[in-house]
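Participant: A predicted structure for the sequence below; I have some questions about it.
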Amino acid sequence: MKSRSLASIVVISLAIWMSAVSPGQARSVAGTVRDRQTSLGIPGVIVRILETGDSTQTDVNGFYFFTNVADGAYTFFVGKQSYQPTTMANTRVPNTCCVGKRGNVNCTGITDLSDLSALVSYLTGGGYVLCCVDASNVNGIGIVDLSDLSALVSYLTGGGFVLPVCP
């Protein structure tokens, strides 16, 4: 099989989950390795932080997750058999945890009914801890509150709300 470069077909998104952390504390780093042409996640990709030696493999949706990553600049290695490996140098932690558009309350990479459930649980004291306040502030106004719940319901039911772009 002809070797394809991950750099030419993959878009890598990093989300730095900054819920309840102070400057200098370790953070969780998550993202998705996607095919640039189809936007579908690519399963089985090795993602490695070269400076720490930590590595993980993407799941069936192309999602990866690291815990306890200290503030700093890192080089991420991305590779999969039949692809030429690539690196992303000088990736900063912390960054913003909100990637793309707001509304991805549970930080899984897509906005769907599970985000609605997470937001309801958070707002009603059901125990859900927001992984990214920026993404959970669905309408982009003020704090995470009932107006964000209304906006998310409107978006998910086709009521006309358009998710704002992340800051």
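Facilitator: On my side now, so go ahead. Numbers count the residues shown, from 1 in each chain.
Participant: can we go C-alpha only for contacts and neighbour counts from here?
Facilitator: Noted.
Participant: Low-confidence regions, this protein specifically.
Facilitator: Along the chain, the model assigns pLDDT under 70 to residues 1-27, 71, 92, 94-96.
Participant: Report the residue ranges of every domain in it.
Facilitator: Following automatic domain parsing, the chain resolves into domains at 4-93, 98-167.
Participant: Of those domains, which stretch is the most buried?
Facilitator: domain 98-167 (a mean of 19; mean count of other CA atoms under 10 Å).
Participant: what's the first-to-last distance across it?
Facilitator: Using CA to CA, to the nearest Å, one end of domain 98-167 lies 7 Å from the other.
Participant: Shouldn't F77 be within a strand?
Facilitator: Yes - applying DSSP: H, G, I helix; E, B strand; the rest coil, one finds F77 inside a strand.
Participant: Please name the residues that touch it.
Facilitator: The neighbourhood of F77, defined by CA atoms under 8 Å, 6 or more residues apart in numbering, consists of I46, V47, R48, I49, L50, P85, T86, T87, M88.
Participant: nearest to A118, of these?
Facilitator: V47 (27.4 Å; CA to CA).
Participant: To which secondary structure element is the closest one assigned?
Facilitator: Taking DSSP states H and E as the definition, V47 sits inside strand 46-49.
Participant: what are the pairing partners of the helix or strand that that strand is followed by, and which direction each?
Facilitator: Following strand 46-49 in sequence order, the next helix or strand is strand 55-57 (DSSP H and E). Strand 55-57 pairs in its sheet with strand 46-49 (antiparallel), by DSSP bridges.
Participant: And the helices in this protein?
Facilitator: According to DSSP state H, the chain carries its helices in the segments 6-9, 113-123, 133-136, 146-156.
Participant: Excluding chain neighbours, give the residue nearest to N61 in space.
Facilitator: With sequence-adjacent residues excluded and distances taken as CA to CA, 6 or more residues apart in numbering, N61 is closest to G41, at 4.8 Å.
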